[in-house]
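In: Structure, please.
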Amino acid sequence: MLVAAAVCPCPPLLVPEVAAGAAPELDGLRDACATALEELAAARPDLLIVVGPAAHAGRGPHPEGATATFAGFGVDLGVRLGRAQQPPAERPLPPSLAVGAWLLARADRTDVPVEGLGVGEPLETEHCVSTGRDLAARADRVALLVMGDGSACRTLKAPGYLDERAEAFDAAAARALGAADPAALIALDASLAYRLKAAGRAPWQVLAGAAEGAGLRGRLLHEDAPYGVGYFVAAWS
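Out: Below is the predicted model:
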């Protein structure tokens, strides 16, 4: 059963070494993520699953102990999912889960079993929801760290250029995340999200499936769109 969730964005710029000189610009975002993880840890889960968007090679489950580096972003920095010391998995963590692993290590929240799940951005809503239900049934007390960004079309200089629909989409997502409203997350338009490059849509709908019937309450801890990308942090418990 799902007992808690933390929702965080997944730009590699969250890692100060990657952001370099721009790192202070996201200090508030990092602090909000730390707060969300503190609330997640307070729920004392038996199993923590990190869920995030992934390209084809990174989709599917990732075991505890899986690793990744930020070398592709110009930084010789490695991360490990959880504390398990075992031979490296065949597949590296996708970037979203690597950022999640970094957040957990930074907050020292790796004292419970941790697994990862990479989700394809085009995954149909129904499949997302059923996946979430399956995750919630994995243990008596399951917690999710859900990684994902909002639209990438909020400004002319955004990765997806300006789309006038982006602000309304992000506002709806922020309301749903802040209210811990599974139905509202399920109602997000998957095709519109894909056009707006909202990488968090599928992971958020996995969360919605996991949270059905759990009666969790939510709190929106951070909402901003630096660089034209919607970033949200929320805590559900």
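In: Could you list every helix and strand in contact with the helix or strand harbouring residue 30?
Out: Remark: residue 30 resides in helix 27-42, with elements defined by DSSP states H and E. Here helix 27-42 is seen to pack against strand 2-8, helix 95-107, strand 142-147, strand 218-224, strand 231-236 when contacts are counted using 3 or more CB pairs under 8 Å, 6 or more residues apart in numbering; DSSP states H and E. Glycine gets a C-beta too; all of them are placed from N, C-alpha and C.
In: from the middle of its chain, how far away would the last one be?
Out: Read that as strand 231-236. Distance, stretch centre to chain centre, for strand 231-236: 9 Å (CA atoms, centre = their mean, to the nearest Å).
In: Now do the buried residues in it.
Out: Of the residues in strand 231-236, 231-236 count as buried by neighbour count, 16 or more other CB atoms under 10 Å.
In: try the longest one
Out: For helix 95-107, a neighbour-count test (16+ other CB under 10 Å) marks 95-104, 106-107 as buried.
In: which residues does residue 117 form a beta bridge with?
Out: Residues in a beta bridge with residue 117, per DSSP bridges, are residue 51, residue 61.
In: The residue nearest the centre of the chain - nearest residue in space that isn't next to it in sequence?
Out: Against the mean C-alpha coordinate of the chain, by CA atoms, centre = their mean, the closest residue is residue 147 at 0.7 Å. Setting aside the residues directly before and after it, residue 147 is nearest to residue 52 in space (CB to CB, 6 or more residues apart in numbering), at 3.5 Å.
In: What is the burial count for the nearest residue to residue 93 once chain neighbours are set aside?
Out: Ranked by CB to CB, 6+ apart and with sequence neighbours excluded, the top spatial neighbour of residue 93 is residue 68, at 3.8 Å. In terms of burial, residue 68 registers 26 neighbours under the definition other CB atoms under 10 Å.
In: What distance do you get for residue 68 to residue 60?
Out: Between residue 68 and residue 60 the distance is 15 Å, computed by CB to CB, to the nearest Å.
In: So what pairs up with the nearest residue to residue 180 once chain neighbours are set aside in the strands?
Out: For residue 180, the nearest residue in space outside its immediate sequence neighbours is residue 218; the separation is 3.0 Å by CB to CB, 6+ apart. With beta bridges defined as DSSP bridges, residue 218 has these partners: residue 236.
In: Residue 218 against residue 181, yeah?
Out: Yes - with contact defined as CB atoms under 8 Å, residue 218 counts as touching residue 181 (7.5 Å).
In: if we can go back for a sec, determine which two of the buried residues of strand 231-236 are furthest apart.
Out: The two members of the buried residues of strand 231-236 with the most space between them (CB to CB) are 231 and 236, at 17.2 Å.
In: circling back to that earlier point, could you pull up the residues touching the residue nearest to the centre of the chain?
Out: Contact partners of residue 147, counting by CB atoms under 8 Å, 6 or more residues apart in numbering, are 8-10, 50-53, 96-97, 99-100, 200, 203.
In: from those residues, which is closest to residue 117?
Out: Here the nearest of the contacts of residue 147 to residue 117, counting by CB to CB, is residue 51; it sits at 4.9 Å.
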